[in-house]
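Asks: okay, structure incoming, though there's no sequence with it:
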């Protein structure tokens, strides 16, 4: 299994809602990543978990809260988002610091 | 992390070889050069990675000169389906940062 699965594929939420994005991999990778990508821009690194511990936070606003319940799962909890947070959110995993395997992304729209 | 610079866009025709060059003047000794491909509304996909000289796999070749301050991704005989954005990254550790990328448009 060489897939990274992200759910939901599409999410529409209001600025007062609380929602979560989920990511799962079964490749035994020990590092998992969240990226944010706006249209026609490169992916921007948000968070990195290594061995289930947060190792990198790229100064992301606290309205984004990552969680790594176990080595196969990565969540991104969303609360009080702004319309400018609308983007494609990409999850990736890697074995140590090697090749990244990306999911198809979750397209988020904040109204 | 070393900053990467690559052309914003390139055009090619089907069947041609495409070479995309990336400069990374401040690459560190332990860094690798990695290339990803991305189609619209999909996650990036790993193409190739190298440290020095030449690396070849079933889809591309990567040429890295001795000083490692640049690299060239070579795509042999491109097809329409190779139209995508290609990202050059300098990778060392978990902090994997994407540069602006090169938009390759392959024409019939």
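Replies: Arrived safely, thanks for sending. Since this is a predicted model, take the numbers as computed values, not measurements.

Asks: who's in contact with residue 102?
Replies: The chain I'm using is chain A. Neighbouring residues of residue A:102 by CB atoms under 8 Å, 6 or more residues apart in numbering or on different chains: A:4, A:90-92, B:42-45. C-beta: built from backbone N, CA, C; applies to glycine.

Asks: please go with chain B instead
Replies: Contacts for residue B:102 were tallied using CB under 8 Å, 6+ apart; they are B:6-10, B:20, B:85-88.

Asks: tabulate those residues (CSV), appending secondary structure and distance to chain A.
Replies: Shown next, in CSV, are these (DSSP: H, G, I helix; E, B strand; the rest coil; distance: CB to the nearest CB, whole Å):
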residue, secondary structure, distance to chain A
B:6, coil, 11
B:7, coil, 14
B:8, coil, 11
B:9, strand, 11
B:10, strand, 16
B:20, strand, 15
B:85, strand, 8
B:86, strand, 11
B:87, strand, 6
B:88, strand, 11
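
Asks: and residue A:9, how many residues sit next to it?
Replies: 11 (other CB atoms under 10 Å in any protein chain shown).

Asks: dump the residue contacts of it.
Replies: Contacts of residue A:9 were listed using CB under 8 Å, 6+ apart, and they are A:104-107.

Asks: how about the strands in chain A?
Replies: For chain A, the strands defined by DSSP state E cover A:4-7, A:10-13, A:18-25, A:31-37, A:44-50, A:53-57, A:64-70, A:73-79, A:87-94, A:101-102, A:106-110.

Asks: kindly reformat those as JSON lines containing mean pLDDT.
Replies: Formatted as JSON lines, the strands of chain A follow (pLDDT from 0 to 100):
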{"stretch": "strand A:4-7", "mean pLDDT": "97"}
{"stretch": "strand A:10-13", "mean pLDDT": "96"}
{"stretch": "strand A:18-25", "mean pLDDT": "97"}
{"stretch": "strand A:31-37", "mean pLDDT": "97"}
{"stretch": "strand A:44-50", "mean pLDDT": "96"}
{"stretch": "strand A:53-57", "mean pLDDT": "95"}
{"stretch": "strand A:64-70", "mean pLDDT": "96"}
{"stretch": "strand A:73-79", "mean pLDDT": "97"}
{"stretch": "strand A:87-94", "mean pLDDT": "97"}
{"stretch": "strand A:101-102", "mean pLDDT": "96"}
{"stretch": "strand A:106-110", "mean pLDDT": "97"}
